[in-house]
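Peer 1: here is my input, please return the structure:
(chains A and B)
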Amino acid sequence: MAFHRSIRSRRGRRKINTVMELQLTSMMDVLVIILVFLLKSYATSNNNFSTVPGLQMPISNSLENPTDSLYVIITPEGVTFENERILDFVQTAAGAGSADATYSFKKTDVDEGGRRIVPLYDALVKAREKAELLRAKSTARDAQGQPLPFEGILAIQADKRVQYDTVRRIMYTAGAAGYKVFRFLAKKQDS
Amino acid sequence: MLKRPSSRRKSKHQEVVLNLVPILDAMVTLIGFLLFTMSILNVVSIESPLPQMSAQDVEQKLKEKPLQLTVSFRKDEIEIWSPFDRIQAKKIPNVSPGQPDVKALHEALIVIKQQFTGETKIVVAPEGSTSYDVLISSMDAMRTLEPTDPPIFVKNPQTGIDQPLKVLFPDVIFGNLLGDA
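Peer 2: Have a look, this model is predicted:
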């Protein structure tokens, strides 16, 4: 028996010396499955909202998935509109390092009794005009043959520590710039 | 006479090996791109229209006296009331300063919804210092009906069959955009 075993082991050793080729077929299978899954997920996600580092979003049990629209991000540090920093808040001494956000607007950034945020208003008007121009140039028309009207939807993505007073100013400014609908974004509650 | 052997027998079968490496490269690049661009964050939204009012609307409201259910947030309490006195005002004390009792608010709104099943609008007047987190949780309490809530049935005008409502007051409108009264 021992004699037979030694011959078998010698034959096996000889086989190892042959050139080894990496089998890529199984790896291809895995990658194709991942690719199909990602493409499917990509097709179902109909928004392109990005976020800023350090943003703590609140959790909501709403079931509505937001569609793509113009969006503003509010953090205790400042306001960002369409990935462009619009303004920075003034941080008060009490707010430095504390859990509660303590910040205020620069006096030069607001007008109309502190209700309207001037840099944001300018950015919102510019974005609206751009959207209207694109719609005027587009071939898509309504029943009367007119260009499609500006939807005026603004998504608000705010940090959970941000106060309503700030959100109110943002809404007032957006209303003055011709935006009629607000979408408050939140993280989906795990079911 | 011997026949000439078939030429097929002589030809060497060359095994064609498909070069999968460039396809793999393309796939890895595509997967990287998709992972980078797709939104992993699961985001939901709560929609609210900008309040708009005309003189005609005010006249109409004064005639009809609608419910106009309003929730006012204060430092120590929240108040549910109607400017046209269609319901008895109710005050719910906060669980802690600036932290409303969202559960009690939800339960009180269910009772009102049982009386006014056709009403969908609710006016919110939060305090300036109310946090966005509290705002979202309060709006959730105002808008959605949980499966554990008592069912509210409404007769479908087309079929005549009673159907359970799935939402409470889904149309949230901010009533103090110009500032606190």
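
Peer 1: please enumerate the strands of chain B.
Peer 2: B:43-49, B:70-73, B:77-81, B:90-93, B:121-125, B:153-155, B:162-164, B:171-174 (DSSP state E).

Peer 1: find the centremost residue of chain B, please.
Peer 2: With distances taken as CA atoms, centre = their mean, the residue of chain B nearest its centroid is B:Ile46 (4.3 Å).

Peer 1: so that one bridges to which residues?
Peer 2: B:Ile46 has these beta-bridge partners by DSSP bridges: A:Phe184.

Peer 1: most tightly surrounded among the strands of chain B?
Peer 2: Burial of the strands of chain B is given as mean neighbour count (mean count of other CB atoms under 10 Å in any protein chain shown); strand B:70-73 ranks first at a mean of 22. Yep, even glycine has a C-beta here, placed from its N, CA and C like the rest.

Peer 1: one step back: surely the residue nearest to the centre of chain B is in contact with B:Ser137?
Peer 2: No - using CB atoms under 8 Å, B:Ile46 makes no contact with B:Ser137, being 10.8 Å away.

Peer 1: mutual contacts of those two, please.
Peer 2: Common contacts of B:Ile46 and B:Ser137 (CB atoms under 8 Å, 6 or more residues apart in numbering or on different chains): A:Ser60.

Peer 1: quick check: buried residues in stretch B:127-147?
Peer 2: Buried positions in stretch B:127-147, judged by neighbour count with 16 or more other CB atoms under 10 Å in any protein chain shown: B:127, B:130-145.

Peer 1: how about the helices in the chain?
Peer 2: Because you didn't say which chain, this covers chain A. A:2-16, A:25-44, A:118-137, A:164-176 (DSSP state H).

Peer 1: wait, chain B
Peer 2: Going by DSSP H, chain B shows helices at B:7-10, B:21-37, B:55-64, B:102-115, B:132-143.

Peer 1: so where is chain A shaky, pLDDT-wise?
Peer 2: Low-confidence segments of chain A, defined by pLDDT under 70: A:1-19, A:43-48, A:93-101, A:191.

Peer 1: and chain B, by the same measure?
Peer 2: Along chain B, segments meeting pLDDT under 70 span B:1-2, B:5-13, B:39-41, B:180-181.

Peer 1: OK, contacts around the spatially closest residue to A:Ser69 that is not a sequence neighbour?
Peer 2: Once flanking residues are discounted, A:Ser69 sits nearest to A:Ile153: 4.3 Å by CB to CB, 6 or more residues apart in numbering or on different chains. Contacts for A:Ile153 (CB under 8 Å, 6+ apart) come out as A:69-70, A:179-183.

Peer 1: again with B:Arg74
Peer 2: With CB under 8 Å, 6+ apart, B:Arg74 has these contacts: B:Glu127.

Peer 1: distance check, it against B:Lys103.
Peer 2: Applying CB to CB, to the nearest Å, the value for B:Arg74 to B:Lys103 is 18 Å.

Peer 1: can you name the residues bridging to the residue nearest to A:Ser69?
Peer 2: Taking DSSP bridges as the rule, A:Ile153 bridges to A:Val181.

Peer 1: look up how far A:Leu70 lies from it.
Peer 2: From A:Ile153 across to A:Leu70, the span is 7 Å (CB to CB).
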